[in-house]
Structures are given as structure tokens and as C-alpha cells.
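In: Structure for this input, please:
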Amino acid sequence: MHPRRLFLLALAAVFTLTHCAPPEAELEANLTQGESTQALTPGGGLRFMSYNIKHGELSSLESVANVIKGQSPDLVALQEVDVLTHRSGNVDQAARLGQLTGMYHAFVPSLLSYDGGQYGLALLSRYPIRSSQRVPLRSAAEQRILAIVEVELDPQHILPVGITHFGTTGSSERLNQAADVKAALAGKPWALLGGDLNASPSESSITSLLQQFTDAWARGGSGSGYTHSASFPTKRIDYILLGAGWTSPVSASVISATSQSDHRPLVATLILPWSQTLLGDRVPGTPVQADTKAVEVGVRFRSNVAGTIEALRFYRGTGNANGYVARLWTSSGTLLAQLPVTDQRLPGWQEVTLPSPISISAGATYVVSYYSSNGQFARDVDGLLNAIVSGNLTAPSSASVGGNGVYVYATGGGFPTNSYKNTNYWVDVRFKPAP
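Out: Predicted coordinates for the structure are as follows:
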């Protein structure tokens with residue numbers, strides 16, 4: 001083999017067995033890009049996709065990337081990924097998909113030497129990737145592995161993401177592989193696991209995994225969940241499994257991508273257990289209302305479980321004055337917390353963390369509000385005509401609570417009780433369910 005080719009393969013092996021970070025010259029730009037795309041899904045959720053791409057054999061990486069981008073996932077667990085193989089034109093598919101989607105990437109090889117390159121698993125992430133690990137699984141034929149990639153959602157939450165592709169020689173092999181996966185992810189309640197498990201939900205390997213994980217499709221999917229084969233799916237063999245920490249509601253769907261691979265991708269939207277909001281990073285239709293009177297505007301809300309309010313938040317357009325006060329109230333008007341809010345990114349969500357979290361009861365109604373000395377608040381008429389439900393939180397429909405959102409015109413603000421045309425004033429909380 002040509003010496004330059006040997007050097008390239010050796011270099012690829014070094015990067016795949018560690019964290020596939022961008023070169024130092026690109027690191028700052030890549031981090032900026034990652035930070036700018038960290039917006040969570042509406043309601044403060046995390047979208048996780050699992051996709052067997054069949055090394056791009058049936059279409060192009062551009063087509064695969066378009067499927068991924070169409071779902072705006074935060075994390076993508078990829079199986080059957082080629083890096084520098086002859087059959088795939090000596091392309092680093094993990095890096096290329098990272099470029100095409102604008103996401104960080106990490107590649108972990110199942111086969112360390114294959115067709116002039118490597119073959120295995122990859123993760124795409126909107127969040128910085130901190131480490132990756134290769135865990136060989138007991139395999140009767142082709143070597144199968146578990147890739148564990150650590151992703152930093154924020155400095156307090158490093159998420160272990162597992163990716164795997166079980167064998168095809170029989171249920172006994174897959175049962176061993178399930179046991180190996182469980183052992184590797186034991187003690188990691190926030191673990192996510194995505195992959196092509198080559199097994200129906202009733203097989204022993206799957207029931208074994210469900211002793212430690214829960215099935216996102218069983219919790220939040222509708223219908224068969226079939227993903228294979230893509231053109232006319234008759235089997236459910238692709239899974240997203242959740243560690244014990246993921247107790248909040250889940251939604252799941254199979255994406256109708258019929259020709260890019262022989263599998264359809266599976267996507268689950270998870271509500272972060274430690275940080276829920278009603279509105280996430282949505283933006284109002286009217287970010288600045290042309291009303292300059294001093295006013296307090298708010299939203300009635302409740303949770304279906306007990307927990308704590310960690311922060312108060314509201315959306316600010318560009319025309320408001322500074323010097324806001326955010327408040328939390330009981331439904332009868334008892335003030336539970338009030339804090340000044342300093343300007344943050346404009347336009348955008350302003351948020352202030354409570355020095356001591358406020359406990360709230362399951363099923364009780366509360367009001368979150370803020371005072372603006374010159375009005376010009378965000379609002380959407382009929383935005384609360386219907387209830388907004390996100391994770392454990394609900395902003396009830398206006399009719400069901402005698403008016404939602406609420407306001408009061410007063411210098412200095414006060415408890416808002418008036419309502420107008422089911423208007424959503426874009427006021428929100430950050431909530432943590434009780435353990």
C-alpha cells in the first residue's frame with residue numbers, strides 16, 4: 001500500500017478511537033456554531049434520532065443529510081457508517097454528514113480495518129462532544145460494538161449517548177450483546193441508546209434491555225413503529241431506549257424516508273427531566289405590541305406533578321424599556337417570588353434564576369408574570385384559545401380558567417387578573433419535577 005495511504009489510515013484510527021473534534025484552527029468557529037444551534041425543541045425538549053444509513057449506498061449523503069435536517073434533531077445515532085472505504089469513495093462519511101448538517105460528529109469503528117478504511121457507528125450532535133468510547137460486544141460473526149459518546153448539554157449535564165447495531169446470527173448472540181450493553185451503561189440513569197437491534201420487540205434481547213431501559217416508542221409512539229424495509233416497512237427493529245432518569249413524557253415517530261436507506265429513521269422528543277418549560281425557544285407572532293402603558297402581563301399554569309420552579313422567563317422584543325420585575329403568584333394572588341430581570345439577548349427570552357427554588361403542588365394553578373414600565377410586551381391573540389401542554393406543564397385554555405393570559409395596568413405592576421381575547425403574553429417558568 002502507498003505510504004501516504006497508510007499514514008491517512010493511521011491518522012483516521014487515532015481520531016475515531018478518541019473524540020472526533022475539529023482541528024484546532026476550526027475549534028473556535030465550530031464551538032460558536034454549536035452554541036448558536038443549541039436551541040431546544042418547543043417546550044424545552046431534546047430530539048433524538050436513530051438512523052441506519054446503509055453507508056449511503058442507496059442514495060447520497062446529501063439526501064441522508066436532508067432527511068436529518070428536516071427533523072431538526074439535537075442528537076443523531078447513525079449505524080452503518082463508512083470512513084475512507086473504497087466502496088464509499090474514500091469519504092469520511094461521519095465528517096461529511098457533520099458538515100452537511102452543521103453538527104458536531106464522532107465516529108467509533110466497529111471494524112477497525114475494512115475495505116481500505118473503517119466501518120461502524122457515529123453520532124451527530126448540536127452540543128459539544130466531550131468523549132467517545134468503543135465497547136466490543138460478544139459477537140458470533142462480524143464484530144459488533146457499543147459506542148458511548150458523552151455530550152455536554154450544559155456544564156451540569158453531561159449526557160451519555162449509546163449507539164449500537166446488534167448481530168444477525170441469532171437471538172442468542174443478541175441476548176449476549178444486550179447483556180454487554182446493560183453492563184456498560186449500568187449506573188447511568190440519563191443514558192440514551194439508539195440503534196438497529198435486528199430484533200422484534202418480543203425477542204429476549206429486547207425484553208432483557210427493558211429491564212434497565214424504557215422503550216421510547218412504547219411510551220410515545222402511535223402505530224406499528226415499523227422501520228424496515230424503508231420502501232414498505234414490515235418490521236420494528238430500530239429502537240430508542242431511555243435510561244431510568246427519563247421519567248417525563250415522550251413523543252416518538254417514524255419518519256417517512258423511503259429511498260435514502262433500507263431503514264426509516266426513528267425520532268423521539270424527550271422533555272429534559274431536570275428543566276422543563278412551557279414554550280421552550282418558540283417566538284411570538286407579535287414580539288412587540290404597540291402599547292406603552294405600564295403593565296404587568298402573565299400566564300396561568302399548573303403541573304401534573306409536584307416539583308420546583310427554578311427560574312422565571314419571558315420573551316422580550318426590541319422596543320421595551322429595561323428594568324423589569326418577574327413574579328410568581330398563587331392563583332389567589334399571594335406573591336411567592338419577585339426578582340429584577342437584567343437585559344439578556346435581544347430580541348429573545350429573558351430569564352432569571354430564583355435564589356431558592358419555589359415548591360409547587362401537583363394540580364394547583366399558579367401565575368407567572370412580569371412588569372414592564374412602558375408596555376410593548378409580546379402577545380399573540382388567541383394564543384391560549386387552546387391549552388399548551390409541554391411535559392408535566394400545562395397553560396390551561398382561557399375558557400377553562402376564566403381567562404388566560406392575564407394582565408393589569410398599574411405603575412409598579414401587581415397581580416394580573418384581566419384577560420383579553422385568549423391572549424398569550426409569552427411568560428414562562430423553568431420547572432424541575434420532584435424526584
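In: Can you report phi and psi for Gly98?
Out: When read as degrees, to the nearest 10, the backbone of Gly98 gives phi -60, psi -40.
In: So what's the residue count around it?
Out: 24 (other C-beta atoms under 10 Å). Glycine gets a C-beta too; all of them are placed from N, C-alpha and C.
In: who's in contact with it?
Out: For Gly98, the residues meeting the contact criterion (C-beta atoms under 8 Å, 6 or more residues apart in numbering) are 104-105, 124.
In: that's a strand at Arg174, yeah?
Out: No. If the criterion is DSSP: H, G, I helix; E, B strand; the rest coil, then Arg174 is helix and not within a strand.
In: which residue packs closest to it, ignoring adjacent ones?
Out: Ser205 (3.8 Å; C-beta to C-beta, 6 or more residues apart in numbering).
In: And for that neighbour, the neighbour number?
Out: Ser205 has 23 neighbours, counted by other C-beta under 10 Å.
In: cool, the one 4 residues further on as well?
Out: Residue neighbour count, defined by other C-beta under 10 Å, stands at 26 for Leu209.
In: just Asp343 next, same as before
Out: 11.
In: A strand includes it, no?
Out: No. When classified by three-state DSSP, Asp343 is found to be coil rather than part of a strand.
In: so which strand or helix has the spatially most central residue of the chain?
Out: Per C-alpha atoms, centre = their mean, the C-alpha nearest to the average position across the chain is that of Leu46, at 1.4 Å. Per DSSP states H and E: Leu46 is located in strand 45-52.
In: Pull out the buried positions in the helix or strand following that strand.
Out: Where DSSP H and E defines the elements, the next helix or strand beyond strand 45-52 is helix 61-71. Across helix 61-71, burial judged by 16 or more other C-beta atoms under 10 Å covers 61, 63-65, 67-68, 71.
In: For helix 61-71, which helices and strands make contact with it?
Out: On a contact count with 3 or more C-beta pairs under 8 Å, 6 or more residues apart in numbering; DSSP states H and E, helix 61-71 meets strand 45-52, helix 93-101.
In: want to throw these into CSV with mean pLDDT and distance to Thr334?
Out: Shown next, in CSV, are those (pLDDT from 0 to 100; distance: least, C-beta to C-beta, whole Å):
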stretch, mean pLDDT, distance to Thr334
strand 45-52, 93, 31
helix 93-101, 98, 48
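In: doesn't Pro287 make contact with Gly317?
Out: Yes. Checked against C-beta atoms under 8 Å, the pair Gly317 and Pro287 is within contact range at 3.6 Å.
In: Find residues that contact each of these two.
Out: Counting by C-beta under 8 Å, 6+ apart, the common neighbours of Gly317 and Pro287 are 347, 378.
In: Tell me how far the residue nearest to the centre of the chain lies from Gln143.
Out: Relative to Gln143, Leu46 is positioned 31 Å away (C-beta to C-beta, to the nearest Å).
In: repeat for Pro433
Out: Taking C-beta to C-beta, one finds Pro433 at 41 Å from Gln143.
In: quick one, which of these two is more surrounded?
Out: Set side by side, Pro433 and Gln143 give different neighbour counts by other C-beta under 10 Å, the larger being at Pro433 (21 against 16).
In: residues in contact with the more buried one?
Out: Shown here is Pro433, whose contacts under the criterion C-beta under 8 Å, 6+ apart are 247-248, 273, 276, 303, 305-307, 392.
In: swap the cut-off to 10 Å and go again
Out: 247-248, 271, 273-276, 303-308, 362, 391-393 (C-beta atoms under 10 Å, 6 or more residues apart in numbering).
In: What's the separation between it and Ser397?
Out: 23 Å.
In: Likewise for Ala364?
Out: Applying C-beta to C-beta, the value for Ala364 to Ser397 is 17 Å.
In: And for Asp343?
Out: Computed with C-beta to C-beta, the distance linking Asp343 and Ser397 is 32 Å.
In: How is the protein divided into domains?
Out: Domain segmentation of the chain under automatic domain parsing yields 3-269, 295-433.
In: Now do the shortest one: distance from first to last residue.
Out: For domain 295-433, the first and last residues are 31 Å from each other (C-alpha to C-alpha, to the nearest Å).
In: Mind checking the pLDDT average for it?
Out: For domain 295-433, the mean per-residue pLDDT is 93.
In: how near is Glu351 to Tyr366?
Out: Separation of Glu351 from Tyr366 (C-beta to C-beta): 17 Å.
In: For Leu393, give me its contacts.
Out: The neighbourhood of Leu393, defined by C-beta under 10 Å, 6+ apart, consists of 43-44, 248, 271, 276-279, 301-305, 307, 428-431, 433.
In: Next step: those residues restricted to strands.
Out: 271, 301-303, 307, 428-431, 433 (DSSP state E).
In: Name the nearest of the residues you listed relative to Gly167.
Out: Sorting the ones in strands among the contacts of Leu393 by how near they are to Gly167, with C-beta to C-beta, puts Ile271 at the top with 33.3 Å.
In: give me the beta-bridge partners of that closest one?
Out: Ile271 has the following beta-bridge partners by DSSP bridges: Gly45.
In: residue contacts, it?
Out: If you count contacts by C-beta under 10 Å, 6+ apart, then Ile271 has 40-41, 43-46, 246-251, 277, 280, 390-393, 431, 433 around it.
In: now swap in Trp190 and tell me
Out: With contacts defined as C-beta under 10 Å, 6+ apart, Trp190 is in contact with 153, 157-161, 242-246, 272-274.
In: That one in helix, strand or coil?
Out: For Trp190, the reduced secondary structure class is coil; criterion used: three-state DSSP.
In: one step back: of the contacts of Pro433, buried ones?
Out: Among the contacts of Pro433, the ones that count as buried (16+ other C-beta under 10 Å) are 248, 271, 273-276, 303, 305, 307-308, 391-393.
In: can you tell me which two in these are farthest apart?
Out: Ile271 and Thr308 (15.6 Å).
In: So Ala364 and Ser397 - more neighbours on which side?
Out: Under the neighbour definition other C-beta under 10 Å, Ala364 and Ser397 were set side by side, and Ser397 has more, 14 against 11.
In: For the more buried one, which non-adjacent residue is spatially closest?
Out: When the adjacent residues along the chain are set aside, Ser397 lies closest to Ala387, with 4.5 Å between them (C-beta to C-beta, 6+ apart).
In: Repeat that for Ala257.
Out: Computed as C-beta to C-beta, 6+ apart, the closest residue to Ala257 that is not its neighbour in sequence is Val67, at 4.5 Å.
In: go on, Ala364?
Out: Take Ala364 and drop its neighbours on the chain: the residue closest to it by C-beta to C-beta, 6+ apart is Arg302, 6.1 Å away.
In: Next: Gln211.
Out: Computed as C-beta to C-beta, 6+ apart, the closest residue to Gln211 that is not its neighbour in sequence is Lys182, at 7.4 Å.
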